[in-house]
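Chemist: I'd like to go over a predicted model; first the sequence, then the structure.
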Amino acid sequence: MATPQPPPRPLPALTAFDLSRYRRELEHALKALPGHVPARGLLQQRLAEVMAEQHARTQPPASGQP
């Protein structure tokens, strides 16, 4: 399986659907790669960034008041 290409826009600019699709592509690529392939680290980093963006979108906005 080929390594998924990065999206054409930064992660915050992606729609929820595009972000979910990119995450799925990364997860499938990681499952297909053997553990010793150097590209795994890059894919894992990209997946962590996607998951962080998804998590940030589910959190309520931080208020400036305590």
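Modeler: Great, that's in hand.
Chemist: From now on I want contacts and neighbour counts done on CA atoms only, so please keep to that.
Modeler: OK.
Chemist: which one is the most centrally placed residue in the chain nearest to, not counting chain neighbours?
Modeler: Nearest to the mean C-alpha position of the chain, by C-alpha atoms, centre = their mean, lies residue 50 at 2.3 Å. Nearest non-adjacent residue to residue 50, counting by C-alpha to C-alpha, 6 or more residues apart in numbering: residue 23, 6.4 Å away.
Chemist: What strand or helix carries the one you found?
Modeler: helix 16-32 (DSSP states H and E).
Chemist: Export only the CA atoms of that helix, formatted as CSV.
Modeler: Taking C-alpha atoms only, helix 16-32 is exported to CSV below (Å, rounded to 0.1, in the frame of the first residue of the first chain):
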residue,chain,number,x,y,z
ALA,A,16,-14.7,16.9,9.6
PHE,A,17,-15.3,14.4,6.8
ASP,A,18,-11.9,15.1,5.1
LEU,A,19,-10.1,14.8,8.4
SER,A,20,-11.9,11.5,9.2
ARG,A,21,-11.0,10.1,5.8
TYR,A,22,-7.4,11.1,6.1
ARG,A,23,-7.2,9.5,9.6
ARG,A,24,-8.7,6.3,8.1
GLU,A,25,-6.1,6.3,5.3
LEU,A,26,-3.3,6.7,7.8
GLU,A,27,-4.6,3.9,10.0
HIS,A,28,-4.9,1.5,7.1
ALA,A,29,-1.4,2.4,5.8
LEU,A,30,0.0,1.7,9.3
LYS,A,31,-1.7,-1.7,9.5
ALA,A,32,-0.2,-2.6,6.1
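Chemist: Find the nearest non-adjacent residue to residue 12, please.
Modeler: Nearest to residue 12 is residue 53, by C-alpha to C-alpha, 6+ apart, at 6.9 Å.
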